[in-house]
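[1] here are the coordinates; sequence isn't available:
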């Protein structure tokens, strides 16, 4: 046949397709390196002076563990969202993770007698939280781009909330002010803005 040489030329570079197993190594990378980075960043900035006594408080430790567990749960959902296909509960999952971080982050102020800063003295906490969430966020974006999310806005929003939530948790080992007003104004205030920005830019960042 006249087409045989052309067909041969077209198929000569074909290789057997290997199954893609990259999502699970990415999940481990985000979990391990995200937590390690946040821990090292917190140590570099400087831990709170009363951390030793705070760590002996069972409620404080439980809240830290729950925040870390919520980060793990959120990261698993981010990995899930990198797989193309319908995901009818993604909006609900994003809402659950966001409310979880808000409630757990706010609980640190429910049992603290620490003196509050003046209202505008907490801006360094906001800056540190944003900086501490940078690497987990970057790793989450790379994990999403290694896949093919079909709901980019929600996927990036989930990654942003999860990364910021981890940084909020580690901020409690840096900042000794656990008053409810301080937590609401400076620790949790970034969540709606970062979530909104991520959802608006999702299609651009995760375009494939």
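    That came through fine. Keep in mind the model is a prediction, meaning the values are calculated, not measured. Numbers count the residues shown, from 1 in each chain.
[2] hey, let's count contacts and neighbours off CA atoms from now on
    Will do.
[3] Run through this structure and note the low-pLDDT ranges.
    1-24, 107-121, 208 (pLDDT under 70).
[4] Could you measure from the residue nearest the centre of it over to residue 156?
    Centroid check for the chain by CA atoms, centre = their mean gives residue 163 as the closest residue, at 1.8 Å. According to CA to CA, to the nearest Å, residue 163 stands 10 Å off from residue 156.
[5] circling back: check which helices and strands the host helix or strand of the residue nearest to the centre of the chain sits against.
    Using DSSP states H and E, residue 163 maps to helix 152-171. Using 3 or more CA pairs under 8 Å, 6 or more residues apart in numbering; DSSP states H and E, the elements in contact with helix 152-171 are helix 23-45, helix 58-81, helix 90-107, helix 123-132, helix 134-146, helix 190-205.
[6] Flag every buried residue along the second one.
    Spelled out, it's helix 58-81. Residues of helix 58-81 classed as buried: 60, 63-64, 66-68, 70-72, 74-81 (neighbour count, 16 or more other CA atoms under 10 Å).
[7] likewise stretch 122-133?
    122, 125-126, 128-130, 132-133.
[8] Check the offset of it from the chain's centre.
    14 Å (CA atoms, centre = their mean, to the nearest Å).
[9] contact partners of it?
    Under the contact criterion CA atoms under 8 Å, 6 or more residues apart in numbering, stretch 122-133 has outside partners 37-38, 41-42, 163-164, 166-168, 171, 175, 182, 186-187, 190.
[10] cool, stretch 201-208 as well?
    Applying CA under 8 Å, 6+ apart, the contact partners of stretch 201-208 are 141, 144-145, 148-149, 152-157.
[11] I'd like these laid out as CSV, including distance to residue 207 and neighbour count.
    Below are those laid out as CSV (distance: CA to CA, whole Å; neighbours: other CA atoms under 10 Å):
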residue, distance to residue 207, neighbour count
141, 11, 22
144, 10, 25
145, 8, 16
148, 9, 17
149, 9, 25
152, 8, 25
153, 10, 21
154, 13, 23
155, 12, 28
156, 11, 30
157, 15, 25
